[in-house]
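>>> got a structure for you, letters missing:
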């Protein structure tokens with residue numbers, strides 16, 4: 001049973017999260033009324049403390065920016081279904097967790113609420129499901145996440161640069 005769960009849960013997660021993200025793109029990229037309502041409420045909220053335009057169509061967190069992040073996450077998640085690319089699932093899950101942390105947080109902590117489009121909270125429920133499953137994937141793949149973090153650290157801070165940060169290297173001792 002555990003072997004089947006370890007084999008099929010990541011596949012089911014990747015397909016489900018990618019489907020949720022890809023389905024939402026038709027709303028975000030076509031400027032659908034539902035999207036206008038959500039991002040309009042968020043932009044009005046941001047404007048109330050001087051950050052108007054943050055969620056507008058050309059803002060830092062516009063529907064197009066969020067939709068693009070969701071598209072990239074979906075691409076990584078679907079690519080991870082190829083066995084040789086399964087490590088991409090962790091990157092997709094990381095992006096998904098970040099995007100859905102924002103979505104869940106904004107639904108709960110702003111005037112947006114959990115049912116901004118009178119859909120019975122379905123949009124919020126899907127955000128919570130994707131967020132929870134993304135966090136579960138990150139926990140399950142923590143060793144891969146650690147390897148990726150180590151690789152990034154080695155690229156950003158090569159061994160020579162790390163030793164240079166520690167001060168000058170003493171000259172070798174002659175016998």
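Yep, it's here. Just so it is clear, the model here is predicted, and its values are computed rather than measured.
>>> neighbours of residue 116, how many?
Residues lying near residue 116 (other Cβ atoms under 10 Å) number 20. The C-beta positions use only the backbone N, C-alpha and C, and glycine is treated the same way.
>>> nearest residue to it other than its sequence neighbours?
residue 38 (5.4 Å; Cβ to Cβ, 6 or more residues apart in numbering).
>>> do you know how far the residue lying closest to residue 110 once chain neighbours are set aside is from residue 26?
Using Cβ to Cβ, 6+ apart and skipping the chain neighbours, the partner closest in space to residue 110 is residue 45 (4.9 Å). According to Cβ to Cβ, to the nearest Å, residue 45 stands 25 Å off from residue 26.
>>> now the top helix by length along the chain: buried residues?
When the chain is parsed with DSSP state H, its longest helix is helix 2-28. In terms of neighbour count (16 or more other Cβ atoms under 10 Å), helix 2-28 has its buried residues at 10, 13-14, 17-18, 20-22, 24, 27-28.
>>> again with stretch 26-35
Buried residues in stretch 26-35, counting neighbours by 16+ other Cβ under 10 Å, are found at 27-28, 34-35.
>>> what ranges do the helices span in this protein?
2-28, 33-47, 63-79, 88-109, 122-140, 142-156, 159-165.
>>> which elements pack onto the second one?
In terms of contact count using 3 or more Cβ pairs under 8 Å, 6 or more residues apart in numbering; DSSP states H and E, helix 33-47 is assigned the packing partners helix 2-28, helix 63-79.
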